[in-house]
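> how would this look folded up:
(one chain, ligands or ions: 1)
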Amino acid sequence: MKVYISVDMEGITGISHPAPTARGDEGYGRGVELMVGEANAAVEGALEGRATEVVVNDSHGKMFNLPPTEVHPSARLVQGQKPLSMVEAARDARFGVALFVGYHARAGHRRGTIAHTYSGKPTLTTINGRPVGEYGINALYLGALGVPVGLVAGDDALAEEVADWLPDAERVVVKRAVGGNAADSIHPTRARQLVRDGSRQAVVRARAGDLAPLRLEPPIRVGLEFRAAVEADFAAIVPGFEREGDRGVVYVAGDAIEAYRAFVSAVRIAGIVD
Ligand SMILES: [Zn+2]
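Numbers count the residues shown, from 1 in each chain. The predicted structure is shown next:
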């Protein structure tokens, strides 16, 4: 079974504040070390679960955080400025399961550590009216490819959201969200054990046919609210989007791939506003 691992940074244990997740911050290097540790733990667990191939997609910031020589030698590494961002290369092979490591709660969550959705611009994203975060948007895209999400690792606020959106996924809690810029973390060694165990379990369950991909009946309604009205104005120039409310846009997609592409397009266009 081929295993796809998307690794973000804000949900890694020991990361409590946005500062060390930014390239250029003096704590960034230590943040990357923590990210590598959980990424490799997921690879090891996947291999223990008899993965035949493992692809790691570096899914944070500029998306070339993981030092290639430090990533597990059995994994391939997808990095750089990728059009499909956190799900790039997922359609290049028939993956049996996807694992999300270092993930975090959705933008607008009242407590989640470094809660956001793809950028700092959206304050709320909804799918068919339900608030959703990166875990759900990415799972929707992967679901359209027939790939279930087997594991999501991050804080306890994320775990609550995932229980609702992705009930089949193993939920690994590596820290307790204290608030937007604070967390109560377990030790990295312990977190890596939990990620490794969850990853192995996810791959075993995927091989047994125990996990269902996230699939929604079309039409799929994508809603976004932004910090400022001007950001919604910019997002609304993407064909198919309509302005809604003071700071929002909506898009009605015919399938999940289109919904994902619409979402990413709107966030990127809104990101031009400074
Ligand atoms: Zn993220």
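
> mind giving me the domain split of the chain?
Annotated domains of the chain cover 2-118+134-207, 220-270 [automatic domain parsing].

> comparing the ones you listed, which comes out most buried?
Comparing the domains of the chain by mean neighbour count (mean count of other C-beta atoms under 10 Å), domain 2-118+134-207 comes out on top with a mean of 21. (C-beta placed from N, C-alpha, C; glycine too.)

> do a quick rundown of the helices in this structure.
For the chain, applying DSSP state H gives helices covering 28-48, 134-144, 156-165, 188-207, 229-235, 256-270.

> mean pLDDT and distance to residue 247 added to those, as TSV?
What follows is the helices of the chain, written out as TSV (pLDDT from 0 to 100; distance: least, C-beta to C-beta, whole Å):
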stretch	mean pLDDT	distance to residue 247
helix 28-48	98	31
helix 134-144	98	19
helix 156-165	98	22
helix 188-207	98	37
helix 229-235	98	5
helix 256-270	98	10
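
> before we move on, back to that, so which of the domains of the chain is nearest residue 214?
Each of the domains of the chain was scored for nearness to residue 214 using C-beta to C-beta, and the closest is domain 2-118+134-207 (3.8 Å).

> can you give me the offset of that closest one from its chain's centre?
Domain 2-118+134-207 has its C-alpha centroid displaced from the chain centroid by 6 Å (C-alpha atoms, centre = their mean, to the nearest Å).

> endpoints of that domain, how far apart?
Domain 2-118+134-207 has an end-to-end distance of 10 Å (criterion: C-alpha to C-alpha, to the nearest Å).

> also stretch 151-162?
Stretch 151-162 stretches 10 Å from its first residue to its last (C-alpha to C-alpha).

> how about stretch 56-63?
End to end - C-alpha to C-alpha - stretch 56-63 spans 11 Å.

> what does stretch 39-56 give?
Stretch 39-56 stretches 8 Å from its first residue to its last (C-alpha to C-alpha).

> now do the same contact list for residue 267.
By C-beta atoms under 8 Å, 6 or more residues apart in numbering, the contact set of residue 267 is 117, 118, 119, 121, 122, 224, 235.
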